[in-house]
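Trainee: Attaching a predicted model along with its sequence, questions to come.
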Amino acid sequence: MLSALVVFLSYQNCGEMKALNSIQSQSSSGELTNNIEKFKCDPSAGPTPSSARRLTKTEMIRSYDRLLSVFSLSEAQNIKQKLAPWFNTIPEDLGLKFDSDDSGLSQSHVNAYLELATAFSGEIAKSSTLIKKFMGSCANTTQLTQACLENYLKTSATKIMRRPLKQEEIEGFVTRYSSFTENHNKWFIAQLLMNSNFLFHLELEGAPLTSDTLRLSPYEVASRLSFYLLKSAPDDKLLAAAGNGQLDNDEGLRLEIERLKQDYPELIQSTVADFYAGWLGYENIAHPITPMNPEEVAFANGAKLQRQSLINELKTMTSYYTLETDGSFADLFLSSHSFAVDQDLSTLYGVQAYQPGGALVPFGDGRAGLLGRAAFLISGSTHTSPIIRGLMVRNQFLCEELPPPPDNIGNMVREPEPDQQLSTRERFDRKTSSPACYSCHQSINPLGFALESFDAFGRIRDMEIIFDSDGRQVNQIPIDPVVQPNIHLGDSMTSSSPSEFNQLIVDSGKAQKCMAQSFFQYTYRQSPDISKDGCSLAYMDELIGSPEGLRLVFFQTPLDANFRLRKVD
């Protein structure tokens, strides 16, 4: 909530508007101009160069899970329980939008990886049963013969390296194995687990297409596909598909995508949830107030909300439209059904709690649309925050953002003074209507005012009830929901309700393109460059815009030609 407050204070005054990734630019008058109607595909330009990055914490843990799959369920659970303290020492990822945005490698990472690798290898190497399952029937708890070691390196070590080892690599590992004076198997396995091929996403084996573009090797495609869909290293079947050439064509790749969907439904569901958590900004959802003082108690009027209930609705809703039905972007953005699975939120909506897998629950209060969810309306106080709401829509759903305000902005702005005779809309409109502020706030205020039909708890209303500090009602003012939202700045379209507002956003196509940009960032672990990545963005935009687009964009994105290419710096 603190970060939201900073944004709120900063943008009660002025700033220039610019578009994310240069999709739009500032005209000489200070207004936004829309420079493109669609993403432009220039096959000679992309994809954007990418660098090696470390595995995220989730990817690291799931890659160890993959190694544990050679053991029985009880054996794997026992080992993982013993390793829990070392898994916990891996630093959390702190990406700006998705965890994969955080590519930094610190000494804390290195220390955690080494301790985990040592603990894992120690558990395996001390047990005759476990070492045989992990390294082959010829293995023992002392020292392997050269033939046994070489056989492991040529076969099962592929699970760690995510590709077959080259002969010179095998010879090098054999030499290093013989140099150990004790605990040969422990230090050998730990050495493999500290190899850069395990710790990083390396894509160095591809065949050159041009002077600066590589076609990924089949094993690199297998890794990219597995980490994209499952956030885990490829399983044996996927590595086998890479080895037999199945991943060299779209049909073979499609077959593996379908198999992974069938074999790992829980990981697929987790992946879908992770994307939406970043795109919809779960981390920015405010904490509902816990009524304390008389004004808060009067405002709440018995309503209570848990922040997790707001997130749970979005998780359930996005899973439904993406995985449980063939949902389109419009289906999600314009939905008139409640997906509140918790009693506190369903009570606020005036409906029964939704039971996943059961019948859909229509909203009882007439609300509709993604932006009618309490998660995007809660302010954390008794008053709505139209500036924060407007910035959320402009930045998060239209991919347009304001640059940092002047350094002295903190001394220039104050929250509009309370006035029992004015609505929140009127107070903010007066505060920001000066010529100095208009160039900025014409693109923010209407987006926030369009949602004034919802109070600071996300309850629908047609009157704004004003209380004094003692909790007494002192006024009620009719809500004015009519706005010219300026989705395309300067257009003359108007909306008179939140439902119409949501429809205008969908009709503009801008929110769909914004989702495509977020999906590119999620897929490729970096923000798109509009000029270089237009082909992939256009492909994703087309998928999202289809009748079953939400499902298609997740499972057909790997069929994009650029998914199997890497641009070299």
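Mentor: Alright, I've got the coordinates. Residues are numbered from 1 along each chain as shown.
Trainee: Does Ser270 belong to a helix, a strand or coil?
Mentor: Following DSSP: H, G, I helix; E, B strand; the rest coil, the label given to Ser270 is helix.
Trainee: hmm, I was thinking of Ile477
Mentor: Following three-state DSSP, Ile477 is assigned to strand.
Trainee: how about the nearest residue to it, chain neighbours excluded?
Mentor: Ser423 (4.4 Å; CB to CB, 6 or more residues apart in numbering). Placement of C-beta: from N, CA and C, glycine included.
Trainee: go on, Ala353?
Mentor: Ser346 (4.2 Å).
Trainee: got the contact list for the one you found?
Mentor: The contact partners of Ser346, taken as CB atoms under 8 Å, 6 or more residues apart in numbering, are 338, 340, 352-354, 361.
Trainee: can you check Ala374 too?
Mentor: Counted by CB under 8 Å, 6+ apart, Ala374 has contacts 305, 310, 313, 345, 348-349, 457-458.
Trainee: Repeat the analysis, applying 6 Å as the threshold.
Mentor: Taking CB atoms under 6 Å, 6 or more residues apart in numbering as the contact definition, Ala374 lies against 310, 458.
Trainee: Check the one 10 residues further on too.
Mentor: Listed by CB under 6 Å, 6+ apart, the contact partners of Thr384 are 424, 456.
Trainee: so after the helix ranked longest in the chain, what's the next helix or strand?
Mentor: As assigned by DSSP state H, the longest helix anywhere in the chain is helix 107-125. Counting by DSSP states H and E, the next helix or strand C-terminal to helix 107-125 is helix 128-135.
Trainee: That following helix packs against which elements?
Mentor: helix 107-125 (3 or more CB pairs under 6 Å, 6 or more residues apart in numbering; DSSP states H and E).
Trainee: do that again at 10 Å, thanks
Mentor: For helix 128-135, the elements it packs on are helix 73-88, helix 107-125, helix 146-154, helix 184-193, judged by 3 or more CB pairs under 10 Å, 6 or more residues apart in numbering; DSSP states H and E.
Trainee: do you know which of the ones you listed lies nearest Gly278?
Mentor: Closest approach to Gly278 among those is made by helix 107-125 (21.5 Å; CB to CB).
Trainee: returning to what we had before: if you compare the helices and strands packed on helix 128-135, which one is most tucked away?
Mentor: helix 184-193 (a mean of 21; mean count of other CB atoms under 10 Å).
Trainee: and the residue nearest to Lys567 when sequence neighbours are not counted, how many neighbours?
Mentor: Of all residues not flanking Lys567 in the chain, Pro49 sits nearest, at 4.3 Å (CB to CB, 6+ apart). Close neighbours of Pro49, defined as other CB atoms under 10 Å, add up to 14.
Trainee: Just the pLDDT at Pro49, thanks.
Mentor: At Pro49, the model reports a pLDDT of 76.
Trainee: Over to Ile388?
Mentor: 92.
Trainee: What of Lys532?
Mentor: Taking Lys532 on its own, its pLDDT is 89.
Trainee: show me the contacts for it.
Mentor: 42, 44-49, 567 (CB atoms under 10 Å, 6 or more residues apart in numbering).
Trainee: Could you do Leu193 as well?
Mentor: Contacts of Leu193 (CB under 10 Å, 6+ apart): 63-64, 67, 113-114, 116-118, 120-121, 160, 199.
Trainee: Equivalent analysis for Leu543, please.
Mentor: 329, 516, 519, 549-557, 559-560.
Trainee: Which helix or which strand is home to it?
Mentor: Assigned by DSSP H and E, Leu543 falls in helix 534-544.
Trainee: what about dumping the CA coordinates of that helix to CSV?
Mentor: Only the C-alpha atoms of helix 534-544 are listed here, as CSV (Å, rounded to 0.1, in the frame of the first residue of the first chain):
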residue,chain,number,x,y,z
GLY,A,534,6.9,-7.6,-33.8
CYS,A,535,6.6,-11.0,-35.4
SER,A,536,6.2,-12.8,-32.0
LEU,A,537,4.0,-10.1,-30.6
ALA,A,538,1.8,-10.3,-33.7
TYR,A,539,1.6,-14.0,-33.4
MET,A,540,0.6,-13.9,-29.7
ASP,A,541,-1.9,-11.0,-30.4
GLU,A,542,-3.6,-13.1,-33.1
LEU,A,543,-3.8,-16.1,-30.8
ILE,A,544,-5.2,-14.1,-27.9
